[in-house]
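Visitor: sequence isn't available, so here's the structure alone:
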């Protein structure tokens, strides 16, 4: 039987008498695809003068947002090249020939711009720190391959000197450009012309949370302007007056708001109450850029990607259990960096041992049973920072200080811990007390990056094991880490549940790039004593 002779489905999603025949035919084959396509077309019918103006404005805003990052990359690479040339010229005579061509190296640095654009570094809107780190590393690797190829022919008589310069630049360009990007972002966000004005479409509770979170993270490039609400929600919110710090707008006036506030982006929460998919709502058609967030039931991973599934599109979820090659790469990273750290810091560790021994009575090192991979216990080593009778001192202190007891119950830490010695306070503030755990990393009991090792004790982490059995099983599927997301995100601040949250976030999003980023981020956390 031909397609035209087949009976129509009784409950048709399109009631418009002027409906194009192709939608009706598609509906008879695939009702869902037909309905989705029709709604998408409906939402884009409002291609008017405002939509064109906002689309043009979006291009200008993206360029202004990208300029500071482009400047940081060019300046970072140029400075690395100049420094490398000076060092090579001092080291070998043939390096002086390179100093005669500084403009060549400045022009060479411009190669990062097209490569960075292909890597998604510009304008860099909504790009998380880890994703930016990975993409910048890939772009720099590609740029250095181009540098080496050009220099091989441009400096045929001084190839060895040029390759030395390239090797030096390769070794320092990533931390240098990341640092400059961080500085430029924080300077640029002070100017209203940087970033993109953004509206949020969501239910009130979710919308207020998103607005305040985005206000604290303007360096991502989004400048939240206000919250779009349904007419009934808008009326209730405007009457109650509880949202004075969050501007609210009726979704029926989105055209006027977008025109007056120069809105080119909208963040859409799937919990928004709309008849069609909220991101396809016809009211939002003039706004050129839309982002559909994950639902309340499931947060998407930073490594998730969009993939075609037949005629529709879905999200490929990242994470899961990593394969053997990735686990081998992680272990090699642990062994390599740990060996270098132990060899380089050996004289410093000897001085620390003497200082601890002279500072108070007791052993230099302290070990404690921790739960590791597969739920097996191991002894984690630290420099001793507490008095020998630390447990008794803590029990007595908590019994006589109810405010300290409350703090301990929330965070399992004390801001002013009576057990800690004078030397121990400095060691803890700088996290030097945990350096002996490098030995645990070499033995394979820990990793450089991972969830912080827990203690199966009623005083410490028994609630982790007892109250969060699923999370605990996930924790025992990986090696605990010397550093991790919890340490760089909140360290000694925040409630204890944040630790479990960041543990699960790390396991869900693990990648070798995340480990490398967190190692670099830990250095900043320690040097700036964040959360100490």
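Guide: Nice, I can see it. Please read these numbers as outputs of a predicted model, since none were measured by experiment.
Visitor: surely residue 326 touches residue 515?
Guide: No: counting by CB atoms under 8 Å, no contact exists between residue 326 and residue 515, whose distance comes to 10.4 Å. No exception for glycine: its C-beta is placed from N, CA and C like everyone else's.
Visitor: between those two, tell me which one has more neighbours.
Guide: residue 515 (23 against 13; other CB atoms under 10 Å).
Visitor: right, and the more buried one touches residue 448 too?
Guide: Yes: with contact taken as CB under 8 Å, residue 515 and residue 448 are classed as touching, separated by 7.0 Å.
Visitor: which residues in the stretch 351-500 of the chain form helices?
Guide: Assigned by DSSP state H, counting those that start in this stretch, the stretch 351-500 of the chain shows helices spanning 390-400, 402-411, 422-429, 437-443, 462-467, 469-475, 485-489, 496-509.
Visitor: tell me which of these sits most buried.
Guide: Ranked by average neighbour count under the criterion mean count of other CB atoms under 10 Å, the helices of the stretch 351-500 of the chain are headed by helix 485-489 at a mean of 22.
Visitor: average pLDDT across that one?
Guide: Model confidence over helix 485-489 averages 84 on the pLDDT scale.
Visitor: now do it: distance to the chain's middle.
Guide: How far helix 485-489 lies from its chain's middle: 12 Å, per CA atoms, centre = their mean, to the nearest Å.
Visitor: if we can go back for a sec, please enumerate the shared neighbours of residue 515 and residue 448.
Guide: Listed as contacting both residue 515 and residue 448 by CB atoms under 8 Å, 6 or more residues apart in numbering are residue 333.
Visitor: I'd say residue 229 and residue 247 touch.
Guide: No: contact criterion CB under 8 Å: residue 229 and residue 247 do not qualify, at 10.7 Å.
Visitor: between the two, who's got more neighbours?
Guide: Set side by side, residue 229 and residue 247 show more neighbours around residue 229, with 25 against 14, by other CB under 10 Å.
Visitor: give me phi/psi at the more buried one?
Guide: Residue 229 adopts backbone torsions of phi -130, psi 150, taken as degrees, to the nearest 10.
Visitor: for it, give the beta-bridge partners.
Guide: Here residue 229 shows beta-bridge partners residue 250, assigned using DSSP bridges.
Visitor: list the contacts of it.
Guide: The contact partners of residue 229, by CB under 8 Å, 6+ apart, come to 204, 207, 237, 248, 249, 250, 251.
Visitor: CSV for the residues you listed, including distance to residue 218?
Guide: Converted to CSV, the contacts of residue 229 look like this (distance: CB to CB, whole Å):
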residue, distance to residue 218
204, 22
207, 17
237, 24
248, 20
249, 20
250, 25
251, 24
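Visitor: quick check, nearest of those residues to residue 191?
Guide: Comparing the contacts of residue 229 against residue 191 with CB to CB places residue 249 closest, at 24.5 Å.
Visitor: ok, now how distant is that closest one from residue 97?
Guide: Shown here: residue 249 relative to residue 97, a distance of 63 Å by CB to CB, to the nearest Å.
Visitor: which one of the two has more residues nearby?
Guide: With neighbours defined as other CB under 10 Å, residue 249 and residue 97 compare such that residue 249 has more, 20 against 15.
Visitor: isn't that one right up against residue 227?
Guide: Yes: contact status for residue 249 versus residue 227: in contact at 7.1 Å, counting by CB under 8 Å.
Visitor: anything in contact with each of the two?
Guide: When contacts are counted by CB under 8 Å, 6+ apart, the set common to residue 249 and residue 227 consists of residue 199.
Visitor: all the strands of this protein, residue numbers only.
Guide: According to DSSP state E, the chain carries its strands in the segments 196-201, 222-229, 248-250, 265-268, 289-292, 305-309, 312-316, 365-371, 377-383, 447-449, 481-483.
Visitor: strand partners (parallel or antiparallel) of the last one?
Guide: Strand partners for strand 481-483, identified by DSSP bridges, are recorded as strand 447-449 (parallel).
Visitor: done for today, thanks.
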